[in-house]
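Novice: Sequence first, then the predicted structure:
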Amino acid sequence: MASTIESRLSAITDELNKRWPESKIEPTLDRIKLLLDYLGNPQESFRSIHIAGTNGKTSTSRMIDSLLQAFGIRTGRYTSPHLEDMRERISLNGEIISPEFFVHTYDDIKPYIELVDSQSEHPLSYFEVLTAMAYAAFADAPIDVAIIECGMGGAWDATNVIDSDVSVMTPIGLDHQEYLGETIAQIAETKAGIFRASKPSVLAHQTREAAEVLIRESARIESIPLREGLDFALAHRDVAVGGQLLTIQGIGGTYDEIFLPLHGRHQASNATLALTAVEAFLGGGAERLDLDVVRDGFANATSPGRLEVVHRNPTVIIDAAHNPHGVVALKEALSEEFAFDRLIAIVAILSDKDVTNFLAELSGVVDEIIVTENSSARALPTEKLFEIASDIFDDGLVSSAGSIKRAIEMAIDRASHPTQSVGILITGSVVTVGQARSLLKKGE
């Protein structure tokens, strides 16, 4: 039976990978709405919290999930992209969907997928099918509330067919400009498409350009804006062993002595967003939530691939930063929380990213860089990445490797030093981090 499930799972993976990739978008909700209509609109059978933004969406989603579970609520979580296995995108009560349930869900809705394909100019995309699968699985489970992360954008993102109870907007930066717009204002307007009338919209601290658009759109839609720094805030933060200790001023009261087992000020900000979203969802912030339950929820929070230590002696950290905004947060966390004498970076990045500014930001915190290439069809060739890096880093600090595996071997060899503490950072893409994580877990 196990081999049958495994073979079917492999076949489904192949089928999905033949569809339009996530990097190819036709900004429309027509196909996903048609598919969900055929499925009886499963997304209407549960409440939801919807998260958009440029960076921090997955970590915030995972913290919201952990908090809700601590309050005894049955959850479903849909995030993207995945690190190692596409099933990671769909979680039930914090656990990745089982191979059996994944296969059952796909096979159950496949006839309707084919029906929509036959009626549409373009077939359903990879992301659209997985979104429909998540909603169908959540209805079938069943769950009480879904935590849904936008894939790209907001207004026309395939996830945006839900009538969410709370919207969350993480910090907005420049990314995916070919679809979202060339300016922060244009991107913010697209992402604000997740706001709902008379429902709370929890807004992270934004640049002035983004904030003005979000407040304007919130007023136009008549959602209820809750703004970081005005309505809620990270009141205090101390670095602690294995994470950080937080005090958060929520909309319902103050929450102190919260241990968060994640690194970086940006994760503390994500935690502040997550707690406020849960306050808004559970009671609108009329009173403070049970502090002990909140502490338990945060203590159990995880975010794989985000400043995650995956190896010791030497210390290897993986982080899925893939744009300049993300690497700024990474720099701050590395400088504040890790005391290395030298830091070697392994970087593999996608060709459609702002590679020059990404590497320029990274150069302020790493001492040496090994460039390589990940398995994505969109990967920037190693030779091109080497050329860009050589213009940014000093002579002798840039080298290349034919694969991520080889880059890790080179870095570990160079990190062996009798008197210095040398760390290794692997970054540049979720794909890069996923491949590295898999290799290091296997001990390869």
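Specialist: All right, it came through fine.
Novice: C-alpha from now on. contacts and neighbour counts both.
Specialist: Fine.
Novice: Which SSE is immediately downstream of the lengthiest helix in the chain?
Specialist: When the chain is parsed with DSSP state H, its longest helix is helix 99-119. Downstream of helix 99-119, the first helix or strand assigned by DSSP states H and E is helix 126-140.
Novice: So which elements touch that next one?
Specialist: Under the contact criterion of 3 or more CA pairs under 8 Å, 6 or more residues apart in numbering; DSSP states H and E, helix 126-140 touches helix 2-17, helix 30-38, strand 75-78, helix 99-119.
Novice: Could I get the buried residue list for the shortest one?
Specialist: Residues of strand 75-78 classed as buried by neighbour count (16 or more other CA atoms under 10 Å): 75-78.
Novice: circling back: can you pull the buried residues of the longest helix of the chain?
Specialist: Result for helix 99-119 [16+ other CA under 10 Å]: buried residues 102-106, 109, 112-113, 116-117.
Novice: Touching that helix from outside, list them.
Specialist: The contact list for helix 99-119, computed with CA atoms under 8 Å, 6 or more residues apart in numbering, reads 5-6, 8-9, 12, 31, 34-35, 38-39, 87, 123-124, 129, 133, 136-137.
Novice: Tell me how far that helix lies from the chain's centre.
Specialist: The chain centroid and the centroid of helix 99-119 are separated by 25 Å under CA atoms, centre = their mean, to the nearest Å.
Novice: hmm, back to that, any chance of the buried residues of helix 99-119 in CSV, plus pLDDT?
Specialist: Formatted as CSV, the buried residues of helix 99-119 follow (pLDDT from 0 to 100):
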residue, pLDDT
102, 97
103, 97
104, 97
105, 98
106, 98
109, 98
112, 98
113, 98
116, 97
117, 96
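Novice: The residues you listed into a markdown table, with extra columns for distance to residue 343?
Specialist: Listed next are the buried residues of helix 99-119 as a markdown table, based on distance: CA to CA, whole Å:
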| residue | distance to residue 343 |
| --- | --- |
| 102 | 40 |
| 103 | 43 |
| 104 | 46 |
| 105 | 45 |
| 106 | 44 |
| 109 | 48 |
| 112 | 51 |
| 113 | 48 |
| 116 | 51 |
| 117 | 49 |
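Novice: Indicate which one of the helices and strands packed on helix 126-140 is closest to residue 244.
Specialist: The minimum distance between residue 244 and the helices and strands packed on helix 126-140 falls on strand 75-78, with 24.6 Å, by CA to CA.
Novice: Not counting that closest one itself, show me its contacts.
Specialist: 61-62, 65, 68-69, 89-94, 131, 134, 138, 143-149.
Novice: and if we set it to 7 Å?
Specialist: By CA atoms under 7 Å, 6 or more residues apart in numbering, the surrounding residues in contact with strand 75-78 are 65, 69, 89-93, 134, 138, 143-149.
Novice: In the sheet, which strands lie alongside it, parallel or antiparallel?
Specialist: strand 90-92 (antiparallel), strand 145-149 (parallel) (DSSP bridges).
Novice: Now tell me which helix or strand of this structure has the poorest mean pLDDT.
Specialist: The helix or strand of the chain with the poorest confidence is helix 177-180; it has a mean of 55 (mean pLDDT, DSSP states H and E).
Novice: Just the C-alphas of the helix or strand following that helix, formatted as CSV.
Specialist: Using DSSP H and E, the next helix or strand after helix 177-180 towards the C-terminus is helix 184-191. Output of helix 184-191 as CSV, limited to C-alpha atoms (Å, rounded to 0.1, in the frame of the first residue of the first chain):
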residue,chain,number,x,y,z
ILE,A,184,6.0,50.4,-3.8
ALA,A,185,2.7,52.3,-4.2
GLN,A,186,1.6,50.1,-7.1
ILE,A,187,2.6,46.9,-5.2
ALA,A,188,0.7,48.1,-2.1
GLU,A,189,-2.4,48.8,-4.0
THR,A,190,-2.4,45.2,-5.5
LYS,A,191,-1.7,43.6,-2.1
